[in-house]
Structure formats: structure tokens, C-alpha cells
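Chemist: pasted the sequence and its predicted model underneath.
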Amino acid sequence: MFQIAPPVLPGCLLVRAPTLMLGEGWSSPIFSESHMGRIGIHDRFVEDWIHYAHKPGAVRGPRYQLAPASQAMLLRVLRGRIYFAAIDVRKASDTFGKVLQGDISYMGAEQLYVMPGFAVGWCSMEPAVEVLVKASTESNPDLERGINWCDPALGIKWPVRPAEAIVSTEDISQPMLVDQIDLL
């Protein structure tokens, strides 16, 4: 049912959901515990969020949560297209600081899965983008952290120039990865 692209960064998967073509359009699952389990995703998702960006160039994150509230996440674009970046923030990992980046859209039925220990950010590439995020733990503002979206050491190829990006005050003031004091 669900298919995965060959892993590029351990702990991050690009998952393709099947699409059933119907006379009036199409249908595609977002999550199935048994089918996801067959491809190695065994997390129990307990919280869903929908993020909306009204203009192209809106950047969210990258963000992550500290233990004991570290989150596995599953992102699915419901409308539009995004460019994503998933960063390994596990200090003891062989891939610490490495980034998986690319774009996904609602038409492709692709999803991004990240295990706990990854920061995730995204940028809207079209107007009226909606992103569904399933998380394995509830949001905890006291344990939420972020990395500066323009950190040059990460080499993220955002599809928007910094002067044109729409970034929240909270996200724009995040420290660079090298300056994080309480990584996982």
C-alpha cells in the first residue's frame, strides 16, 4: 500500500501513499497503522496540526522538541506544494547536522516521515498551502526549540531569498545549529 523512496538520511523517509482514481477525482490515505508498520513506521501519532500559509515564501521552522517530548512526525501536503528540510539534531548520530531536503505536493501523495531527533522546517511554494502534521507526542512549548532557517552551515536551498521570505519573529530569532545548547 504505502511505498518508500530509498532512504537518503537514516531516520527520514519519503513515503508515497497510494492514489485511487475515482470518477470525480481521487482518494488517498494519510495513515494506516498496519500499512505503515510494514514499511518500518511504528510510531503512535497522538496529535495532528494543520498549518496554513496564504502566500508563497512563508517559512516555518526548522523546529524540534526535546526529550521527553521528542516527536516523530509525518507531514502531508493537503493543498499546494512545499519545500522541506529535515535536520538530524542528535549529537551522538553519525549524521548529526545532515539535511534531507526536497519538495512535496498534494498531487504527488508524498509524505515526509522523521523519527524523533530531527528538526523540520518548510517553505510554501504556492499560495494557500495547507500542511497536515501528525506528531507522536503532544506539543510542549517549554521543550520546543528551533534552528535559524538561514543557517549557512546547513546548506538548505530554500526556494525564496531571505529578503523576500515570510518568517515569524520566533523563527527568525532562532540560533544557528552550532549555537544550540540542549540538543538531543
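Modeler: Okay, I see it. Numbers count the residues shown, from 1 in each chain.

Chemist: tally of neighbours for Phe2?
Modeler: The burial count assigned to Phe2 is 20, neighbours taken as other CB atoms under 10 Å. Glycine gets a C-beta too; all of them are placed from N, C-alpha and C.

Chemist: looking at the protein, which helix or strand is least sure?
Modeler: Within the chain, no helix or strand scores below strand 20-22, which has a mean of 81 by mean pLDDT, DSSP states H and E.

Chemist: buried stuff in whichever helix or strand comes after that one?
Modeler: Going down the chain from strand 20-22, the next helix or strand is strand 25-27, by DSSP states H and E. Residues of strand 25-27 classed as buried: none (neighbour count, 16 or more other CB atoms under 10 Å).

Chemist: got a list of contacts for strand 25-27?
Modeler: When contacts are defined by CB atoms under 8 Å, 6 or more residues apart in numbering, strand 25-27 is touched by residues Thr19, Leu20.

Chemist: avg pLDDT for it?
Modeler: Mean pLDDT, computed over strand 25-27, is 83.

Chemist: helices of the chain, residue ranges please.
Modeler: 33-38, 169-172 (DSSP state H).

Chemist: in a markdown table: the ones you listed, plus mean neighbour count and mean pLDDT.
Modeler: Formatted as a markdown table, the helices of the chain follow (neighbours: other CB atoms under 10 Å; pLDDT from 0 to 100):
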| stretch | mean neighbour count | mean pLDDT |
| --- | --- | --- |
| helix 33-38 | 13 | 89 |
| helix 169-172 | 12 | 93 |
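
Chemist: pipe the ones you listed into JSON lines and attach distance to Pro10 per row.
Modeler: Below are the helices of the chain laid out as JSON lines (distance: least, CB to CB, whole Å):
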{"stretch": "helix 33-38", "distance to Pro10": "17"}
{"stretch": "helix 169-172", "distance to Pro10": "26"}
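
Chemist: so which of these gets nearest Ala128?
Modeler: Across the helices of the chain, Ala128 has its closest neighbour in helix 169-172 (20.2 Å, CB to CB).

Chemist: next up, the contacts around Leu74.
Modeler: By CB under 8 Å, 6+ apart, the contact set of Leu74 is Val15, Ile30, Phe31, Ile41, Asp43, Phe45, Gln111, Leu112, Tyr113, Val133, Lys134.

Chemist: follow-up on the earlier one: of the helices of the chain, which is nearest Tyr64?
Modeler: Comparing the helices of the chain by CB to CB, helix 169-172 comes nearest, at 12.7 Å.
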